[in-house]
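Peer 1: Sequence and predicted structure below; questions after.
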Amino acid sequence: MTRWAMVIDLDKCVACQGCSIACRFENNTPPVKPSEALKGRAIRWNDVFPFPTNPLEADAGEYPETKQRYIPRPCMHCENPPCIKVCPVQATFKNEEGIVQQNYARCIGCRFCTVACPYGVRYFNWQEPEWEGTLNEHLNPDRIEGPGDLEGPAVRPKGVVEKCTFCIQRLQKAVARAEAEERDFDPVDYQPACVQTCTGKARYFGDLDDPESTVSLFEKSPRAFRLLEEVGTHPKVIYLREG
Amino acid sequence: MKPLSRRQFLKVSATAAGTTAVVGGLQAALNATPVGAGSSGWLTPVGEEHIVTSVCSLCPAGCGLLGRVVDGKLVKLEGNPMHPVNQGSLCPKGQAAPELLYNPDRLTGPMRRTGDRGSGQWELVSWKEAINTIAQKLNDLRAAGHPEQAAFLYGETRGQMRPLIERFMQAVGSPNAISHDSLNIEAVKLAMLYTQGVYDLPAYDIENSQYILAFGANLLEGGRNPQRTIIGQSYFRRGRANRGKIVMIDPRQGITGAKADEWVPIKPGTDAALALGIANVIIRAGLVDSDFIHNYSFGFENFKDSKGKKHKGFKDFVLDNYTPKKVEAITGVSATTISRLAGEFAGHAPQAIAMMPGKGGLLNGSITGLYAAMAVHILNALIGSIDAPGGVQVQRYFPCAEWSPMPTDPIAEKGLATGRLDGAGTVFPLGKHAYQAVADRILAGQTVGALFLYDANPVYEVPGGQRFVEAFKNVPFIVSFSSFMDETAQYADLVLPEPTFLERWQDDAIEGLGYPGVGLRQPMVEPLYDTMNTGDVLIKVAQAMGDPVAKAFPWAGFEELLQERLKTIGTDWDTLKELGAWFTPGYRFARRGSKKWVEEVVGKDRASAPRDGRFDLYSRELSCALSNLSKEELAALGINKSGDAPFLPHQEDLTYAGDEAEYPFHLNVITLMSLGPYSVAANMPTLQEISGMTVGEMWDSWLEMNPETARELNLRDKDMVWVESPFGKLKTKMRTVPGLRPDVVNLPHNQGHKAIGRWAKDRGVNGLEIINPASEPATGLASMTNTRVKVYRA
């Protein structure tokens, strides 16, 4: 089987937010009005933010001994995703390759999942998405259909929850491309937009079930950790710590 | 010759592999579906789809782009993996660039003012009429015998546009082609000239380096070439067996300081002293590269000139004046830290770099900014890292085809013999450009008959930019080539919108990697509106002016000019279009003292001092420029030290606008990764949304302050405050930031616009409005960092 996973090397990440914006333009997440954004309703599947420092830690001290850390946060695509368990209509599900998907057509907007997710990476559409004037010309036209109707970058309506899909349309395209070229699908042909654009080359993507893949090798690194490992979600996004 | 590294080899072989394979690779890089694919039933084919290469223009880095164009619309941008600067990656500005192309606030055609200046009343005109109007105006100036009254202000302006503008002005007969370099990078270029004798920005071999002392060089956010330095530092950190160390020397920690291994919060404006303190330790510890110092540098030891006069050398000057104890008192950096940094730096010689800032940082508004950059660069010389692997390189460029000779034209010759409008070379003896001073010079009585603004928004981007609005009242004819109705275009008589960089032809020299290369900007989509590339406009204006000016512009258009000029780079036009970039990878280091060393690495741009391949620790070029001046004249230029000191880098007394007792804080206007340095980015909603990530702000300005200082002022995080300098006051939100010196406050750049568009306008404040509008008297640089402010509750 294939288990898609991502590695983010925080030693190379420079908090540029290229990943956030690459994601927006690949997946058509709408820019929200400033007043909405200030309420915390901005939709960036892959947000970057200053990591809350533990005041008890030595390096979080007072000037000049300060240290600030930044962390990018996509969906963790947990092996054991809490969001799925709370969904009353099974709008969110994990596919056979480990990607946690959202079926926008099924979603009733109850937002149980946004609360259940310990990482806060599920986003509710509080408003009808809107691109002012000619801005909608750049929307990604890719459409995919499958068990989760209208996944991919199709514009989501008001009232549904959306989330990172590891750019599943890119996987579909890579598979289609391999088919068209009459060859086996090669995992290196598939890269989410955030991985591709990463300015610090800090992101790696691949198959955790392949022991030779880059992500499998990094998983064994002494620098590797996952967010909130103790809550038992088993994330498939693996961080490498700084220093 | 140095053997090629594996990485360079891969690049070479990729270049050699030919275009077919490469284009296939580019298609894959963008995940583009070949037409007809998608038969699996999962994927709905979306239409005719292709990939176009281009080069980004939202900061000076010039990253390669791949655009995914579906049914004639640009739907996604990626980094071009064939472009050596970004190697496939792209920052948020580049990613968001479709918002620039499809921005609803773009200008849709050439316009002529109908109401009063600034009243916002316009009518559309035809391009022919606009071009004839300009040609007529310039011919009138020439007929009156004053072609020098035409002036051209331009911004970053990459590739052939810069020489084209210069050639245009030369043909018209005006010396006034004035670059905005004096707002940012000029101090570094001058420091290179006065030490290494090369008038250009240095390139740094970050990949092979072990140790970087970054003096105010904002590597990861708003530097000159952030994408190149980010990729460099990734490799420096994790791409090889041993991890390099970065020390960030800056009053503000920022992202660069947070990511660096060590942050040294230095007192603002004292970088020269710190660099010389480090030099002092290196010299005393005997860690200098004695081969370099004794055979390839000038002025280390005391010397006698041709007249037998004794001069003090760099060594004795630094040993006498900049002991770590003295430097500690000036800079606030402890003597032990200074000694340790010196030991670490010299211990990694020659794979160590002392980096000058790309922008800001050292530009102190007095000549200390220049001396500081010189002092920092001299550290590289002391340890012999000039043109050494892991050290400093000299940027090379592809030779372009020669321009045809200019026609003889007595009117132009007379005009060109006059002094510059901005005072560069006259009022500012060391200056090459003094962009911000143009307003002062016009207000002081200089006559300007026609003013052109390309990629230039001085009303916004210059400290005290409102001076330009005043100055414009004395200018009868103003033309702006802006794609948006920016603060300056509002006051123009003609606005001739240029297509955005995603719709036009332009070349772009690759900088920051040492080796020569060129990127090509080409239209990804058909121009959306009735716009014209300014290169084409200038050629058409020249041709409409008739001979002799027209003779200098034989091309049918800018694209033809590009093809002609770039035919010498070693590839054909079609390949360049296909790949988006062409370069000769692998920097070739010069052997010390060789012919190449003398001709390319040390001394090539010196005007007066000998081009002898010696790196100046005692600047002979400065000595030629300044030695005839009396003590009073030097003092007027801000140089209060006498004897040999003016020609040696040293710490001058800091001069500030604003008395310390009344205005206790240094104001620093910082460039963000998100909004970048250029005005148009402020009108991209996605970039506004992410602009304040570090403090959790968005769509607004904020003032950064140390939390302890805020407590002393009885202010809490998120309180509204007034920031007041002797030049004005601004109201904004205060945010506490622990990684900041208590005596410094920061305002982010690129907010507080009064125009441009719906997302930029009336949002936050523009810190430059309250920055000292004076120009630095010796070099004509803008005084970006010598303003003091007070902060109080609003």
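Peer 2: Cool, the structure landed. Numbers count the residues shown, from 1 in each chain, chains lettered A, B, ... in the order given.

Peer 1: Point me to the residue of the stretch 401-550 of chain B nearest chain A.
Peer 2: B:L528 (7.8 Å; C-beta to the nearest C-beta). C-beta: built from backbone N, CA, C; applies to glycine.

Peer 1: all strands for the stretch 401-550 of chain B, in order.
Peer 2: Applying DSSP state E, counting those that start in this stretch to the stretch 401-550 of chain B gives strands spanning B:450-454, B:478-480, B:494-495, B:506-509, B:517-521.

Peer 1: Give the rounded mean pLDDT of the last one.
Peer 2: The average pLDDT for strand B:517-521 rounds to 96.

Peer 1: Now that B:P98 has come up, it's in contact with A:H138, right?
Peer 2: Yes - using C-beta atoms under 8 Å, B:P98 is in contact with A:H138, at 3.6 Å.

Peer 1: Can you report the mean pLDDT over the residues of stretch B:688-708?
Peer 2: On average, stretch B:688-708 scores 94.

Peer 1: Tell me how far it lies from the chain's centre.
Peer 2: 24 Å (C-alpha atoms, centre = their mean, to the nearest Å).

Peer 1: State the number of residues packed around the residue of the stretch 401-550 of chain B closest to chain A.
Peer 2: 17 (other C-beta atoms under 10 Å in any protein chain shown).

Peer 1: Distance check, it against B:R252.
Peer 2: Noted for B:L528: a distance of 40 Å to B:R252, by C-beta to C-beta, to the nearest Å.

Peer 1: circling back: B:P98 and A:H138: who's more crowded?
Peer 2: Just comparing B:P98 and A:H138: by other C-beta under 10 Å the higher neighbour count belongs to B:P98, 25 against 21.

Peer 1: Could you report the separation of that one from B:G514?
Peer 2: 32 Å.

Peer 1: for chain A, what spans make up the helices?
Peer 2: A:18-27, A:34-38, A:82-86, A:112-116, A:168-180, A:193-197, A:214-219 (DSSP state H).

Peer 1: Out of these, the one nearest B:A661 is which?
Peer 2: Nearest to B:A661 among those is helix A:34-38 (38.0 Å), distances taken as C-beta to C-beta.

Peer 1: check whether the closest one contacts chain B.
Peer 2: Yes - for helix A:34-38 and chain B, the contact criterion (C-beta under 8 Å from any C-beta of the partner chain) is met by A:34, A:37-38.

Peer 1: which among the residues you listed end up buried?
Peer 2: Neighbour-count burial (16 or more other C-beta atoms under 10 Å in any protein chain shown) applied to the residues of helix A:34-38 next to chain B gives A:34, A:37.

Peer 1: between the residues of helix A:34-38 next to chain B, which is nearest B:K189?
Peer 2: Nearest member of these to B:K189, counting by C-beta to C-beta, is A:P34, at 39.1 Å.

Peer 1: Give me the residue at the spatial middle of the chain.
Peer 2: Using chain A. Chain A has A:P74 as the residue nearest its centroid, 3.1 Å off, counting by C-alpha atoms, centre = their mean.

Peer 1: actually chain B
Peer 2: With distances taken as C-alpha atoms, centre = their mean, B:I185 lies nearest the centre of chain B, 4.6 Å away.

Peer 1: In chain B, where's the longest helix?
Peer 2: Longest helix in chain B, counting by DSSP H: helix B:127-143.

Peer 1: ok, and what's touching it?
Peer 2: For helix B:127-143, the surrounding residues in contact (C-beta atoms under 8 Å, 6 or more residues apart in numbering or on different chains) are B:110, B:112, B:147, B:149-150, B:172-173, B:411-412, B:415, B:449-450, B:477, B:479, B:494, B:496, B:530, B:532, B:537, B:540-542, B:544-546, B:549.

Peer 1: Give the burial count for whichever residue of chain A sits closest to chain B, as a bare number.
Peer 2: Distance from chain B to each residue of chain A (C-beta to the nearest C-beta) is smallest for A:G133, at 2.6 Å. A:G133 sits with 12 neighbouring residues when counted by other C-beta under 10 Å.

Peer 1: excluding its backbone neighbours, what's nearest it?
Peer 2: B:P104 (2.6 Å; C-beta to C-beta, 6 or more residues apart in numbering or on different chains).

Peer 1: Find the nearest non-adjacent residue to B:L496, please.
Peer 2: Closest to B:L496 by C-beta to C-beta, 6+ apart is B:P110, at 4.9 Å.

Peer 1: gap between that neighbour and B:M532?
Peer 2: Distance, B:P110 to B:M532, by C-beta to C-beta: 8 Å.

Peer 1: Now do the strands in chain A.
Peer 2: A:4-9, A:47-51, A:69-73, A:92-94, A:100-102, A:122-124, A:143-144, A:161-163, A:203-207, A:224-225, A:237-240 (DSSP state E).

Peer 1: And the lowest mean pLDDT element among the helices and strands of chain A?
Peer 2: Using mean pLDDT, DSSP states H and E, strand A:143-144 stands out as the lowest-scoring helix or strand of chain A, at a mean of 79.

Peer 1: Walk me through which strands that strand pairs with, and which way each runs.
Peer 2: Strand A:143-144 has the following strand partners under DSSP bridges: strand B:43-44 (antiparallel).

Peer 1: Following element in sequence after the partner strand, please.
Peer 2: Heading C-terminal from strand B:43-44, the first helix or strand you meet, by DSSP states H and E, is strand B:49-55.

Peer 1: and the angle from that next one to strand B:517-521?
Peer 2: 130 degrees (axes from the mean of the first three to the mean of the last three C-alpha atoms, to 10 degrees).

Peer 1: can you tell me if stretch B:331-348 touches chain A.
Peer 2: No - with C-beta under 8 Å from any C-beta as the criterion, chain A is not reached by stretch B:331-348; the gap is at least 9.7 Å.

Peer 1: Burial check on the residue nearest to A:G133, number of neighbours?
Peer 2: 14.

Peer 1: Check the contact between it and A:N136; I expect there is one.
Peer 2: No - counting by C-beta under 8 Å, B:P104 does not reach A:N136; the two are 10.2 Å apart.

Peer 1: And the residue of the stretch 301-450 of chain B closest to chain A?
Peer 2: B:G332 (9.7 Å).

Peer 1: got the contact list for that residue?
Peer 2: So B:G332 contacts B:265-267, B:270 (C-beta under 8 Å, 6+ apart).

Peer 1: Just the C-alpha atoms of stretch B:629-644, please, in PDB.
Peer 2: Extracted as PDB, the C-alpha positions of stretch B:629-644 are listed here (Å, rounded to 0.1, in the frame of the first residue of the first chain):
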ATOM      1  CA  LEU B 629      39.100  69.200   0.700                       C
ATOM      2  CA  SER B 630      39.800  71.400   3.700                       C
ATOM      3  CA  LYS B 631      38.800  70.300   7.200                       C
ATOM      4  CA  GLU B 632      35.700  72.500   7.000                       C
ATOM      5  CA  GLU B 633      34.700  71.100   3.700                       C
ATOM      6  CA  LEU B 634      35.100  67.600   5.000                       C
ATOM      7  CA  ALA B 635      33.000  68.500   8.100                       C
ATOM      8  CA  ALA B 636      30.300  69.700   5.800                       C
ATOM      9  CA  LEU B 637      30.200  66.200   4.300                       C
ATOM     10  CA  GLY B 638      29.900  64.700   7.700                       C
ATOM     11  CA  ILE B 639      33.500  63.700   8.100                       C
ATOM     12  CA  ASN B 640      34.800  65.100  11.400                       C
ATOM     13  CA  LYS B 641      37.900  63.000  11.700                       C
ATOM     14  CA  SER B 642      41.100  64.400  10.200                       C
ATOM     15  CA  GLY B 643      44.500  63.200   9.000                       C
ATOM     16  CA  ASP B 644      44.300  59.800   7.200                       C
END
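
Peer 1: Please spell out which residues along that stretch are buried.
Peer 2: Result for stretch B:629-644 [16+ other C-beta under 10 Å]: buried residues B:634, B:637-639, B:641, B:644.

Peer 1: swap in stretch A:90-107?
Peer 2: Across stretch A:90-107, burial judged by 16+ other C-beta under 10 Å covers A:91-95, A:98-104, A:106-107.
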